[in-house]
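Asks: A structural model of the following input is requested.
(one chain, ligands or ions: 1)
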Amino acid sequence: MILPVRIVGDPVLYQRASEVEEITDELRELARNMIETMIRFEGIGLAANQIGIPLRIITVDPRCSGFNTDPFALINPVLIDQEGEEEAEEGCLSIPGVYLIVPRAERVKVKGIDIDGKETVIRAEGLFARVLQHEIDHINGRLITYYSNGKEV
Ligand code: ZN
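Replies: Numbers count the residues shown, from 1 in each chain. So this is what the prediction gives:
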């Protein structure tokens, strides 16, 4: 099911999302819908609060960095290590038509829980690392506009 994406200005985009306590069938369905929505709108990442659900769930598409891995959901993701810094232009499904230069770590290590409830650690670099950082920002209530204004808009 395609879900409507919340647009800049919506309060749900500016709040810290809550930890997921339990992985239920309902949550798995939400994750599937998020992946479908992300692909439909040609995104490479999506955070649950972008579809109005203030929970710490993100979906990412590793194919953006050339990996032959299907898009997947990551629950309660935490950035546990980062290295380097590079600036690049980023867009966001919640801010249509706007592209801003955002500094990000070049390489990251992210810990989280997969859809089967298994703890997983993801090492990423380049665009895939950028997407992970962008989505973790989302669940912390931060949009890309933060980096150009120093404040939320
Ligand atoms: Zn975004």
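
Asks: Now do the same contact list for Phe41.
Replies: For Phe41, the contact set (CB atoms under 8 Å, 6 or more residues apart in numbering) comprises Val5, Leu93. No exception for glycine: its C-beta is placed from N, CA and C like everyone else's.

Asks: So that it lines up with my notes, have the first residue be 46 from now on.
Replies: With the count now opening at 46, the last piece we talked about shows up as Phe86.

Asks: That one and Pro116, how far apart?
Replies: 13 Å (CB to CB, to the nearest Å).

Asks: Show me what the longest strand anywhere in the chain is packed against.
Replies: Secondary structure assigned by DSSP state E gives strand 117-128 as the longest strand of the chain. Contacting strand 117-128 under the criterion 3 or more CB pairs under 8 Å, 6 or more residues apart in numbering; DSSP states H and E are the following elements: helix 70-85, strand 102-105, strand 152-158, strand 164-170, helix 171-184.

Asks: what residue lies at the spatial centre of this protein?
Replies: In the chain, the C-alpha closest to the average C-alpha coordinate belongs to Glu180, at a distance of 2.2 Å (CA atoms, centre = their mean).

Asks: Quickly list what the closest residue to that one other than its chain neighbours is bridged to.
Replies: With CB to CB, 6 or more residues apart in numbering as the measure, Ile103 is the residue that lies nearest to Glu180, at 3.8 Å, once sequence neighbours are left out. The residues listed as beta-bridge partners of Ile103 by DSSP bridges are Ala92, Leu119.

Asks: Could you measure from Ile103 over to Gly142?
Replies: Applying CB to CB, one obtains 23 Å for the distance of Ile103 from Gly142.

Asks: that older thread, which ones are touching the residue nearest to Glu180?
Replies: Neighbouring residues of Ile103 by CB under 8 Å, 6+ apart: Gly90, Leu91, Ala92, Ala93, Ala118, Leu119, Pro122, Leu177, Glu180, Ile181, His183, Ile184.
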